[in-house]
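>>> what shape does this take:
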Amino acid sequence: MFQDEFCHIHSTHAFEGLDVIDAQFTNTVFGKHAHSEYVISIVDRGIKQFYHKGKTHNAGAGDISIISPDEIHTGNKGDANGWKYRAIYPTEQQIKDIYYEVYGQNGLPTFKDSVIQNPRLEQQMQLLLSKIQSTDALLESEVHLELLLVKMMLQYGSVKRAPTQNGQALSNVLLARDFLADNYRERVPLDKLATLAGVSKYHLINEFKRHFGLTPHQYQIQQRLSHSKTLLKSGAKPVEIAMHCGFHDQSHFHKAFVSSMGVTPTIYQQQFFTR
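Presented below is the predicted three-dimensional model:
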């Protein structure tokens, strides 16, 4: 990390463990990556610039950003001073549970706005973050988290529906995606993946990237990173995790992890065992 940068990550007791980040970056650049959870962040200072949903966005102080699972995005400074922000990472299941509470049916919302400017939501986010680190305020923080997610869903969310057009093409790439998710540790040849999906290699790459914003290989790397975070939290050694999750070596794991999280695997892990 560069001078004056920091990245503190921890899991709360609320919602069966909710990852929270408090970070400041001045020169770190995050390449294209995705998360398995929702990422809801608020900028405390400076400007965060990021690419998401085909556009470049600038989020300033008080602005809230929301990125859904598996959505490709980047991250870098929007001005010379960099940016400081905090974020929470609700899981897809947590959002599904909230959706059921609100609408009485199963569903999953999608959010069209990458950046939200709403003083009331900003206040709700600030209240949540002020309480979430206190073990004495467990119930209070859970209340604030519930209110934040419900308000965001009602005001900015919509039901995530499967596309009705070109259904067979989508079915093919979904089959390939699920296979990669189930076999994230393995070296899967492209021709095997294309044969499984019943399409040509060229068609698979194009359709996969069109639907998910990543090539099949890039998607598999994101799956490996997602599993690696779970193992780091459990106390496994980074060198063992690199091999377990299918990375070529520890150097490859290190580079991919820093590009996604902004900190090394070792620093990420230490923050869960020093609190």
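
>>> okay, strands next: where are they in the stretch 101-250 of the chain?
109-111, 115-116, 157-159 (DSSP state E, counting those that start in this stretch).

>>> for the ones you listed, which one sits closest to Thr91?
Nearest of these to Thr91, taken as Cβ to Cβ: strand 109-111 at 13.8 Å. In short, each C-beta sits where N, CA and C put it, glycine included.

>>> residues of the closest one that come out buried?
Buried residues in strand 109-111, counted by 16 or more other Cβ atoms under 10 Å: Pro109, Phe111.

>>> which strands and helices sit next to it?
helix 138-156, strand 157-159 (3 or more Cβ pairs under 8 Å, 6 or more residues apart in numbering; DSSP states H and E).

>>> can you redo the strands of the stretch 101-250 of the chain as CSV with distance to Ala176 and mean pLDDT?
Output for the strands of the stretch 101-250 of the chain, formatted as CSV (distance: least, Cβ to Cβ, whole Å; pLDDT from 0 to 100):
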stretch, distance to Ala176, mean pLDDT
strand 109-111, 22, 89
strand 115-116, 32, 97
strand 157-159, 25, 80
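
>>> between those, which one is closest to Thr56.
The closest of the strands of the stretch 101-250 of the chain to Thr56 is strand 115-116. By Cβ to Cβ, the value is 10.9 Å.

>>> one step back: in JSON lines, list the helices and strands packed on strand 109-111 along with mean neighbour count and distance to Ser41.
Listed next are the helices and strands packed on strand 109-111 as JSON lines, based on neighbours: other Cβ atoms under 10 Å; distance: least, Cβ to Cβ, whole Å:
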{"stretch": "helix 138-156", "mean neighbour count": "18", "distance to Ser41": "12"}
{"stretch": "strand 157-159", "mean neighbour count": "15", "distance to Ser41": "17"}
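
>>> possible to save the ones you listed as JSON lines with distance to Ile98?
Listed next are those as JSON lines, based on distance: least, Cβ to Cβ, whole Å:
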{"stretch": "helix 138-156", "distance to Ile98": "5"}
{"stretch": "strand 157-159", "distance to Ile98": "10"}
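
>>> and these: which comes nearest Val239?
Distance to Val239, taken as Cβ to Cβ, is lowest for helix 138-156 among the helices and strands packed on strand 109-111, at 35.5 Å.

>>> I appreciate the help and will end here.
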